[in-house]
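Asks: Sequence and predicted structure are below.
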Amino acid sequence: MRKNLLIAAAAVLMPFTLVPTAGATGVDRHMESAQHEVQSQHDFNICGNLATFTFDVTWHAIGVDTGKVFAYDYTETAKYTLVFDDPALGTWNGHGAESFHFVATPGGTVQHEIYNGAEGPVQIIEHQQIHTDADGNVTIDRYFELHVGC
């Protein structure tokens, strides 16, 4: 799930590749979404065990550029199953929701990321907040992470 959020964050730094819906005001709006997108990957789970994950993901992204202010929002929900490489660990079900919010203005940037989920018996909470001033200096950098149950 966190890899998807990083992909969304990278989109902030790229030129708009989403579907434009420009209005008469000169404001560019770009939206894209998907429902029940099935993805599979082999990776380590939150507790460090190798497993094959199968995700059912629904997401929505919107970018707005006024020429002075750029805002990007991404939200995602997923249900998933992971089958461990070690058969003794069995199969877990998981679910999660995450959001990413980024705003760039002449005065600086604001970025918030939130992920809350559960993977088998493990509760996962991750929140991050970063603000910069007009010169790119970080003025707020907070990160909270809680994994309970490994």
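Replies: Sure, I can see it. Residues are numbered from 1 along each chain as shown.
Asks: if I pick residue 114, what's in contact with it?
Replies: Under the criterion of Cβ atoms under 8 Å, 6 or more residues apart in numbering, the neighbours of residue 114 are 98-99, 126-128. Where you see a C-beta, it was placed from the backbone N, CA and C, and this is true even at glycine.
Asks: at 10 Å what do you get?
Replies: Going by Cβ atoms under 10 Å, 6 or more residues apart in numbering, residue 114 touches 5, 75, 97-101, 125-129, 144.
Asks: how many other residues sit next to residue 27?
Replies: Residue 27 has 13 neighbouring residues, counting by other Cβ atoms under 10 Å.
Asks: what's the closest non-adjacent residue to it?
Replies: residue 66 (5.2 Å; Cβ to Cβ, 6 or more residues apart in numbering).
Asks: Same check on residue 98?
Replies: residue 115 (4.1 Å).
Asks: Burial check on the one you found, number of neighbours?
Replies: As a burial measure, residue 115 scores 20 neighbours (other Cβ under 10 Å).
Asks: So residue 136 belongs to a helix, correct?
Replies: No - using DSSP: H, G, I helix; E, B strand; the rest coil, the assignment for residue 136 is coil, not a helix.
Asks: For it, which residues are in contact?
Replies: Contacts of residue 136 by Cβ under 10 Å, 6+ apart are 108-109.
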